[in-house]
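Engineer: Pasting a predicted model and its sequence here:
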Amino acid sequence: MTTAKTPRAATYAKLVAKHAALEAKIKEARKYAKLLAKSDALATQIAEARIAELAESAWPKVTAIMAEYDISRAELNEYVKGITPLLRSRGEPKSGSPKKVRKTSKVVANKYTDGVNFWTGRGLTPRWLRDALANNPTFTKEGFLIKG
C-alpha cells in the first residue's frame, strides 16, 4: 500500500526543514559571536605585547640616542611635527579617515506659485498645489506657472 503525503504532512515537513535551517543559522551566529570575542581578546593581548616590547627594547634605545645627541623631548616633538607633513607628501596616509568633499547644489528658480507658496517643479508636487488642483477641476498646473 502506497502512502501519499497529505497537504498537512507536507506543510509540517517544510516547517521542520525551515526550523532546522534556522537552528543552523543560530549556531553559526553563536560561532561568529565567539570568534568576535576571541578577536577582541587577541587584539588586547597584541596591544599589551606591543607596549611591553616598546618598554623593554625600543624606548631604552630611543632614550639612549636622545642622551647621546643631547636631544630634549621638546626638540623631538618639534622635529616630529615638522617632518610629519613631509612624510605625508611622500605618500604616507594621513591619520583618520579621508574627508569627503560635499557637492554644492545648484539654486533652482521657482517655477510655480499661488501667490503665497512657491515650487521649483522638482520633486513631489507640494500639498498646496495638489489640494488646489483636486478641489477645483478647472485649475491646471499651467495656471500656476510664474510668468517671466
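Structural biologist: Sure thing, it's come through. Given the structure is predicted, the values throughout are model-derived calculations rather than measurements. Numbering: from 1, shown residues only.
Engineer: can we go C-alpha only for contacts and neighbour counts from here?
Structural biologist: Noted.
Engineer: In the chain, what residue spans correspond to helices?
Structural biologist: In the chain, the segments counted as helices under DSSP state H are 7-53, 59-68, 73-89, 127-135.
Engineer: Name the residues of the shortest one that are buried.
Structural biologist: Read it as helix 127-135. By 16 or more other Cα atoms under 10 Å, the buried positions in helix 127-135 come out as residue 129.
Engineer: just how off-centre is it within its chain?
Structural biologist: Chain-centre distance of helix 127-135: 39 Å, with Cα atoms, centre = their mean, to the nearest Å.
Engineer: ok, now the first one?
Structural biologist: Between the centre of helix 7-53 and the centre of its chain there are 23 Å (Cα atoms, centre = their mean).
Engineer: Could you tell me the angle between that helix and helix 59-68?
Structural biologist: Orientation check (axes from the mean of the first three to the mean of the last three Cα atoms, to 10 degrees): helix 7-53 against helix 59-68 gives 30 degrees.
Engineer: tell me what helix 7-53 is packed against?
Structural biologist: In terms of contacts (3 or more Cα pairs under 8 Å, 6 or more residues apart in numbering; DSSP states H and E), helix 7-53 is packed against no helix or strand at all.
Engineer: For it, the averaged confidence score.
Structural biologist: The pLDDT scores in helix 7-53 average 85.
Engineer: Also the shortest one?
Structural biologist: Here helix 127-135 scores 92 as its mean pLDDT.
Engineer: Domain ranges for the chain, per the record?
Structural biologist: 8-89, 112-144 (automatic domain parsing).
Engineer: gap between the two ends of the last one?
Structural biologist: To tie it back to what came earlier, the one meant is domain 112-144. Distance across domain 112-144, first residue to last, is 5 Å (Cα to Cα, to the nearest Å).
Engineer: Show me what counts as buried in that domain.
Structural biologist: 112, 113, 118, 119, 129, 144.
Engineer: mind putting those residues in TSV, distance to residue 60 included?
Structural biologist: Listed next are the buried residues of domain 112-144 as TSV, based on distance: Cα to Cα, whole Å:
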residue	distance to residue 60
112	75
113	76
118	72
119	70
129	76
144	80
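Engineer: Of these, which is the nearest to residue 57?
Structural biologist: The closest of those to residue 57 turns out to be residue 119 (Cα to Cα; 69.3 Å).
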